[in-house]
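K.L.:
Give me a 3D structure for the following:
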Amino acid sequence: MNKDFTFVIKRSIFDENYNPSENTRITTNFANLARGENRQENLRNTLAMIDNRFNTLANWDNPKSDRYSVGLEIISVDMNITDNSSAFPVIEILKTNIIDKKTHSRIEGIAGNNFSSYVRDYDFSVLLPEHNKNASGFSIPDNFGVLHGNIFKHFVNSKVYQDNFNKQPVICLSVSSKDTYHQTGNQHPVLGIEYRQNGTSLTEQYFHKMGLQVRYFMPKNSVAPLAFYFSGELLSDYTDLELISTISTMETFQKIYRPEIYNANAAAGQYYQPSLHHQDHSLTKIVYDREERSQLAIEQGKFTEAHFIKPYKNILEHWSADYAR
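P.N.:
The predicted model follows:
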């Protein structure tokens, strides 16, 4: 097998003074908020929304709904491919930390939450459109997502991950506007009402190659389910406060980015199909340009092709094939 790829973790605090690093994908939720003349107000309002939502869900021994605050760390992961190459930024996730102001203690939260990857930009914004450019119908390229999935699994199984995090990651995404969801009758005290998807989405297949399965839950006072991607057991591997830290963080981001779904004025019913054209919704005070974000994903996919996929094509293909054995 080829010399194994190694990873380096860099941590930065996400607060109202946050400035994205040069290697951060500018389409990432938190990085996109930290741009423009309203950047500090955007960040301050976002953090306040996260804290308020956390305290609403963690309402026991919390009579004034102000006991907890959520601290966020951005975990940037660089991968070294060869001894002579520059490290490439392959993964960026968020780590939550819970500050209990009553006991003056800091409680570990969950790693994962938001997930961004230049290689995923390449797969979805360059490789997939190119594959279907002259096709009569939509299809998926051979081995689509396999390299990306193997890189993610290699990172999660690596010593550097084990040394830095106590539990496996949980990644929380929006539901798909292309799919229909229905309630299962199952209800969790923190995650809320469980939904099940009709069929399997491309995103679900892609994350499955990362070693992750998905369950959909709509927490109390939410208006739409969230997609929780995880390995192991979502309902028993994590504490209530850990789960609440993920819900409060990622639901806040989704209210900003997909208000038609997550800031709708009516909650999802027994059967639910999300729509980005839904007019009956409220806007947050946080500035965000969704169209620009889509265009940037294409630019970042092309950057990955030029600086990662093409220069190291043979190395990456051999490594991924060996890793899968």
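K.L.:
Helix, strand, or coil at residue 255?
P.N.:
Taking DSSP: H, G, I helix; E, B strand; the rest coil as the rule, one finds residue 255 in the helix state.
K.L.:
Return the residues in contact with it.
P.N.:
By CB atoms under 8 Å, 6 or more residues apart in numbering, the contact set of residue 255 is 49, 262, 263, 284. From N, CA and C alone the C-beta is placed, and that goes for glycine too.
K.L.:
run the last query once more with 7 Å
P.N.:
262, 263, 284 (CB atoms under 7 Å, 6 or more residues apart in numbering).
K.L.:
Would you mind measuring from the last one to residue 241?
P.N.:
Using CB to CB, to the nearest Å, we find residue 284 at a distance of 25 Å from residue 241.
K.L.:
Now for this structure, the helix or strand with the poorest mean pLDDT.
P.N.:
In the chain, no helix or strand scores lower on mean pLDDT, DSSP states H and E than helix 29-33, which sits at a mean of 62.
K.L.:
How much space separates the closest residue in space to residue 66 that isn't next to it in sequence from residue 98?
P.N.:
Nearest residue to residue 66 in three dimensions, chain neighbours excluded: residue 55, at 6.1 Å (CB to CB, 6 or more residues apart in numbering). Noted for residue 55: a distance of 11 Å to residue 98, by CB to CB.
K.L.:
any residues in contact with both of those two?
P.N.:
Taking CB under 7 Å, 6+ apart as the contact rule, residue 55 and residue 98 both touch residue 68.
K.L.:
which of these two has more neighbours?
P.N.:
Counting neighbours by other CB atoms under 10 Å for residue 55 and for residue 98 shows that residue 98 has the greater number, 23 against 19.
K.L.:
Quickly find the element holding that one.
P.N.:
strand 88-100 (DSSP states H and E).
K.L.:
what angle separates the helix or strand following that strand from strand 88-100?
P.N.:
Sequence order places strand 105-116 as the next helix or strand after strand 88-100, per DSSP H and E. Inter-element angle recorded for strand 105-116 and strand 88-100: 150 degrees (by axes from the mean of the first three to the mean of the last three CA atoms, to 10 degrees).
K.L.:
Filter the contacts of residue 255 down to just the ones in helices.
P.N.:
Under the assignment DSSP state H, the contacts of residue 255 contribute residue 262 to helices.
K.L.:
what mean pLDDT would you report for the strand holding residue 98?
P.N.:
The average pLDDT within strand 88-100 is 94.
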